[in-house]
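Enquirer: how does the following fold in three dimensions:
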Amino acid sequence: MSETDWGRWEDVDFDIEKEAWNVYELIDGTLLKIRTVLVKLRRRPTIGKPGEYEYNGNFQNLLNALIHPREKGSPAKPPPPEELERLPKTPINFTTQREDWNIYRLKDNSGVKVKLVVSEILKITDKACRNQFGEPLYIVNSTNVVSPLKKF
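Expert: Sure thing, here's the model as predicted:
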């Protein structure tokens with residue numbers, strides 16, 4: 001590999017082996033289920049480590065909230081994302097019930113594993129701000145950890 005190839009990102013094709021739901025129990029009785037989905041995967045050679053790569057990707061997060069009945073209110077149209085930033089919110093304590101790895105197989109029979117890790121959950125405190133089911137809105141701050149797998 002030439003010196004100019006170091007640091008060059010390339011797209012990598014992959015297949016899903018496993019995508020898991022992570023589960024978080026909130027202090028208000030709500031159960032949040034979150035799944036991160038790998039949409040695009042890229043890699044580049046690791047400098048000084050021939051045959052090894054570092055990875056990054058683009059992700060979409062899916063969220064399903066099982067709301068405690070006492071938290072439900074009147075249905076409303078959720079505000080647009082830019083308005084959510086301005087609404088009053090408060091951090092809400094949570095317990096991690098499950099944070100699992102997603103597994104993706106690459107065409108060369110190596111792979112990557114990805115784990116969504118939640119760092120903070122915020123609850124919109126405006127009682128008039130609900131979703132179409134009358135449920136409170138939550139903002140989840142998270143990151144995705146990507147780690148290579150040698151061979152399947």
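Enquirer: pLDDT score for the most centrally placed residue in the chain?
Expert: In the chain, the residue lying closest to the centroid (C-alpha atoms, centre = their mean) is T36, at 3.9 Å. Looking at T36, its pLDDT stands at 97.
Enquirer: what secondary structure does it sit in?
Expert: strand (DSSP: H, G, I helix; E, B strand; the rest coil).
Enquirer: mind listing the helices for the chain?
Expert: Along the chain, the segments classed as helices by DSSP state H run 81-84.
Enquirer: give the buried residues for the helix or strand bottoming out on mean pLDDT in the chain.
Expert: The weakest-scoring helix or strand in the chain, judged by mean pLDDT, DSSP states H and E, is helix 81-84 (a mean of 86). Using 16 or more other C-beta atoms under 10 Å as the test for burial, helix 81-84 gives no buried residues. All C-beta atoms are positioned from the backbone trio N, CA, C, and that covers glycine.
Enquirer: give me the contact list for that helix.
Expert: Residues outside helix 81-84 that contact it (C-beta atoms under 8 Å, 6 or more residues apart in numbering) are 124, 137, 139.
Enquirer: can you tell me which residues contact the last one?
Expert: Counting by C-beta under 8 Å, 6+ apart, I139 makes contact with 84, 89, 121-122, 124.
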